[in-house]
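Colleague: Sequence plus predicted model, see below.
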Amino acid sequence: MDAFYASVEQRDNPELCGKPLAVGHAEERGVVAAASYEARRYGVHSAMSSQKAKRLCPELIFVPGRMNVYKAVSRQIHDIFHTYTDIIEPLSLDEAFLDVTENKAGFSLAIDIAKDIKKRIRKELGLIASAGVSYNKFLAKIASDYRKPDGLCTIHPDQALDFIAHLPIESFWGVGPVTAQKMHALGIHNGTQLQACTLEMLTRQFGKAGNLYYDFARGIDLRPVEPIRIRKSVGCEHTLEKDISLHSSAIIELYHVVTELLERLKRTNFSGNTLTLKIKFHDFNQITRSITQDSELTSMDKILPLAKKLLKEIDYESHPIRLIGLSVSNPKEEIKKQWEQLSLEFKEWDD
């Protein structure tokens with residue numbers, strides 16, 4: 001979906017259409033959850049502080065988020081998806097992979113399904129969607145982002161390597177700001193330069209992720225569309241009302257985060273062996289620290305001491321804390337399934 005939260009707000013409030021809009025709170029400690037395309041033209045984007053967003057776009061209109069509404073709309077979108085296929089892997093409320101190799105509607109071309117879904121979402125829900133069509137998840141995701149908003153792009157197998165060669169390295173799955181910076185330091189700025197790297201070099205520099213980068217650069221992604229996604233972690237985070245640098249204040253906030261984390265673990269019936277602490281500083285730089293135990297982390301007595309231990313590793317007296325987050329991951333037993341990769345036949349090239 002294109003600017004999903006903001007688009008829902010503009011749909012439900014026609015007077016906001018065509019105006020720069022941010023979903024979030026305008027107060028000093030607020031953060032932009034989503035920005036309309038009108039706001040993005042000013043450089044406003046999600047996860048930006050509200051104060052910075054207002055400096056970039058003084059006319060910016062803030063509206064509070066309505067998560068219950070976004071979830072309801074997401075369910076409506078998925079109802080449309082299910083009329084074509086039940087092999088759906090949600091990525092978020094507004095994004096999903098669909099395997100339409102065998103589809104309920106009897107279409108012979110994936111591009112025709114994408115066109116039909118886009119048309120129905122616009123007609124039935126009053127929203128704009130973009131779609132990407134290709135023979136694997138990596139390329140379909142790239143294609144879906146390629147012509148936003150209201151985009152439709154196909155990447156044919158015969159064109160994949162050339163398409164990948166022209167991609168900036170930041171467009172590759174799994175390459176965030178830190179990895180991109182390391183790639184740049186190694187002289188890797190685009191797909192062509194990534195394609196020139198050996199598997200040995202990439203795994204030496206990036207560990208297991210190097211295998212993915214090597215395959216992606218060659219248009220290879222064997223991951224199937226998984227209708228049931230296994231939960232890998234549970235976490236929560238708190239943006240603080242004021243930056244803190246005192247040890248006592250940090251411990252109090254840490255206790256509150258652990259309390260919420262335990263509630264989420266209980267609600268999701270999840271347990272894991274690794275605790276990760278995320279700290280975002282006053283300047284929006286952030287770091288994470290992790291620790292793994294033999295026993296599962298399921299109680300305050302187990303989690304809080306570990307969280308305190310991780311916090312001790314961080315210098316926050318000279319770098320005040322803006323946000324504290326905790327997550328539990330590394331479940332001891334994961335459901336393992338055998339999947340068969342389905343091929344997607346392209347009978348003609350159609351953009």
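Modeller: Cool, got the structure. No experiment lies behind these values; they were computed from the predicted model shown. Numbers count the residues shown, from 1 in each chain.
Colleague: where exactly do the strands run in the stretch 101-250 of the chain?
Modeller: Remark: strands assigned in the stretch 101-250 of the chain by DSSP state E, counting those that start in this stretch are 131-133, 152-154, 233-244.
Colleague: same question but for the stretch 251-351 of the chain, I mixed them up
Modeller: 274-281, 286-292, 321-329.
Colleague: For residue 167, find the nearest of the ones you listed.
Modeller: Closest to residue 167 of these is strand 286-292 (C-beta to C-beta; 26.2 Å). Using the backbone N, CA and C atoms, a C-beta is placed for each residue, glycine as well.
Colleague: Residue 79: neighbouring residues, count only.
Modeller: Counted with other C-beta atoms under 10 Å, residues neighbouring residue 79 total 10.
Colleague: in which helix or strand would I find it?
Modeller: Using DSSP states H and E, residue 79 sits within helix 67-81.
Colleague: where exactly do the helices run in this structure?
Modeller: 4-12, 37-40, 50-56, 67-81, 110-120, 137-146, 160-165, 177-185, 191-195, 199-206, 209-217, 247-268, 300-312 (DSSP state H).
Colleague: so for the last one, what's the average pLDDT?
Modeller: Taken as a whole, helix 300-312 has an average pLDDT of 95.
Colleague: Now do that helix: which elements does it pack against?
Modeller: helix 247-268, strand 274-281, strand 286-292, strand 321-329 (3 or more C-beta pairs under 8 Å, 6 or more residues apart in numbering; DSSP states H and E).
Colleague: Which of those sits closest to residue 28?
Modeller: That would be, of the helices and strands packed on helix 300-312 and by C-beta to C-beta, strand 321-329, which comes in at 11.4 Å.
Colleague: What strands flank the closest one, and is each parallel or antiparallel?
Modeller: Using DSSP bridges, strand 321-329 pairs in its sheet with strand 233-244 (antiparallel), strand 274-281 (antiparallel).
Colleague: most neighbours per residue, which of the ones you listed?
Modeller: strand 274-281 (a mean of 20; mean count of other C-beta atoms under 10 Å).
Colleague: Helix 300-312 and that strand, what's the angle between them?
Modeller: Interaxial angle, strand 274-281 versus helix 300-312 (axes from the mean of the first three to the mean of the last three C-alpha atoms, to 10 degrees): 40 degrees.
Colleague: still on that earlier bit, make a markdown table from the strands of the stretch 251-351 of the chain and add distance to residue 201 and mean pLDDT to it.
Modeller: Output for the strands of the stretch 251-351 of the chain, formatted as a markdown table (distance: least, C-beta to C-beta, whole Å; pLDDT from 0 to 100):
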| stretch | distance to residue 201 | mean pLDDT |
| --- | --- | --- |
| strand 274-281 | 28 | 95 |
| strand 286-292 | 26 | 94 |
| strand 321-329 | 29 | 95 |
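Colleague: Quick one: closest of those to residue 265.
Modeller: The nearest among these, by C-beta to C-beta, is strand 321-329 at 6.2 Å.
Colleague: rewinding a little: got the strands of the stretch 251-351 of the chain as JSON lines, with distance to residue 300 columns?
Modeller: Below are the strands of the stretch 251-351 of the chain laid out as JSON lines (distance: least, C-beta to C-beta, whole Å):
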{"stretch": "strand 274-281", "distance to residue 300": "12"}
{"stretch": "strand 286-292", "distance to residue 300": "16"}
{"stretch": "strand 321-329", "distance to residue 300": "12"}
